[in-house]
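J.: Dropping the sequence and predicted coords here.
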Amino acid sequence: MKVAASISELELARSELMAGATPPVIAYVPTMGALHDGHLSLVRLARGIADVVIMSIFVNPLQFGPNEDYAKYPRTLERDLKKAKKAGVDLVFTPTVAEIYPAGRQVSVKAGAIGEVLEGAFRPGHFDGVLTVVLKLLNIVRPSVAIFGRKDAQQLACIRRMVRDLNVDVDIVGAPIVREEDGLAMSSRNRFLSPAERASALVLSASLRAAAQEPAPAAALAAASRLLTVAVDAGEIEVDYISVVNGTTMAPLPDDYTGPGLAVVAARVGTTRLIDNIELVFPGPERP
C-alpha cells in the first residue's frame, strides 16, 4: 500500500497504480480517519468494483463549527494505515490542512437549501465545508466512483446534488449503514460514550425501527417521537431533531405521501452528538 502526504505524491502514486489497467476504474473512499468497520465496509464495496482503491484521511476544519470538536476529533493515523492496508486499500492520501487549503484560498461551495435544514440548521455552514472539501478531493483524486456511507444521509444527498449541479464526472455510491450487534450505528464518536450513555443511545435506532413499522409519515414520526420523549423525560438524551423526509431533498413528507422515505434523528447523549437514519417505504392505503 502506498501513502501520499502531498498532491504531487498522490499524482505520482496514482499514475503508477493505473499502469496496465485499460481503462482503470478508481474507487475513492474519503474519511476523516479513526477507522472502524463502517469505513472498512466502504473499502470492501470499493474493492469489488474497482481496479484501484484510494482512501483519504483528512480531518476537515471547514465542517466544524466554533463550538464543535475539531481539536477533540480522534486522530489515529498509524492504526488507520494498518487497517486500510489489511482491508485492501491501494493508496492512502494523508494531506495536511495547508496542503488542502493553501494561503489565499477564497472560493467555497455553497450547499443551498438542502444544506440549511436538519443538520444544517443545528450546524450552520457545516455542509458548505463538507462540499468544499469533497469537491477539492474529487478533483485531486479524479476517481471513477466515490463511496460514502448512508449513515450521513443528508451529507450524501448534498454531495449527490453538488455532483449533479456542477457536472462532476463521478458516480456517487451510497453504502449501507453498519451497526453494532446492539443496533447502534457505527461512528467514530461512539468511543466517547460511557457504558450508561451507550445504553441510552440505543433509543435512537429503536425509535427508527418503530418508525419503519408505520404505514404513513405522520404515524412514523409519532412512533419514533414517543420513544425519544421517554428518554428525554428520563434525562438520558437531548433530541436535536426527528423527522420523516424525502431522502433526496430532505424536505418533510406530507401524510398522504406514498413511496420511499427516510426517518432521520440527531441527539446528544451526554456530551456526544449522534445521528442515525433508516429507509422507509410508505405503501399507501390498500385498495379493494
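T.: Everything's here; your move. Numbering: from 1, shown residues only.
J.: The stretch 1-150 of the chain: helices as residue ranges?
T.: Counting by DSSP state H, counting those that start in this stretch, residue ranges of the helices within the stretch 1-150 of the chain are 7-18, 37-49, 77-87, 97-100, 119-122, 126-141.
J.: what packs against the second one?
T.: Helix 37-49 makes packing contacts with strand 26-31, strand 52-57, helix 77-87, strand 145-149, strand 171-175 when contacts are defined by 3 or more C-beta pairs under 8 Å, 6 or more residues apart in numbering; DSSP states H and E. Yep, even glycine has a C-beta here, placed from its N, CA and C like the rest.
J.: Show me which positions of stretch 136-147 end up buried.
T.: Using 16 or more other C-beta atoms under 10 Å as the test for burial, stretch 136-147 gives 136-138, 140-141, 143-147.
J.: Touching it from outside, list them.
T.: Contacts of stretch 136-147 with the rest of the structure, by C-beta atoms under 8 Å, 6 or more residues apart in numbering, involve 7, 10, 14, 24-30, 42, 45-46, 49-50, 54, 56, 58, 93, 100, 159, 168, 170-175.
J.: distance between the ends of that stretch?
T.: With C-alpha to C-alpha, to the nearest Å as the measure, stretch 136-147 spans 15 Å from end to end.
J.: Redo the buried residues of stretch 136-147 as TSV? Include distance to G129 and pLDDT.
T.: As requested, the buried residues of stretch 136-147 are exported to TSV (distance: C-beta to C-beta, whole Å; pLDDT from 0 to 100):
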residue	distance to G129	pLDDT
K136	11	98
L137	13	98
L138	15	98
I140	17	98
V141	18	98
P143	21	97
S144	25	96
V145	23	98
A146	17	98
I147	20	98
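J.: Pick the one among these closest to K2.
T.: The closest of those to K2 turns out to be V141 (C-beta to C-beta; 13.1 Å).
J.: just to revisit the earlier point, is it possible to get CSV of the helices and strands packed on helix 37-49 that adds distance to R191?
T.: Output for the helices and strands packed on helix 37-49, formatted as CSV (distance: least, C-beta to C-beta, whole Å):
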stretch, distance to R191
strand 26-31, 15
strand 52-57, 17
helix 77-87, 12
strand 145-149, 17
strand 171-175, 21
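J.: wait, which of the ones you listed is closest to T229?
T.: For those, distance to T229 was read as C-beta to C-beta. The smallest value, 28.2 Å, belongs to strand 145-149.
J.: quick check: angle from the closest one to strand 52-57?
T.: When axes from the mean of the first three to the mean of the last three C-alpha atoms, to 10 degrees is applied, the directions of strand 145-149 and strand 52-57 differ by 50 degrees.
J.: What strands flank strand 145-149, and is each parallel or antiparallel?
T.: Strand pairing for strand 145-149, determined by DSSP bridges: strand 26-31 (parallel), strand 171-175 (parallel).
J.: Can you tell me which of those is most buried?
T.: Mean neighbour counts were compared across these using mean count of other C-beta atoms under 10 Å; the top stretch is strand 26-31, at a mean of 26.
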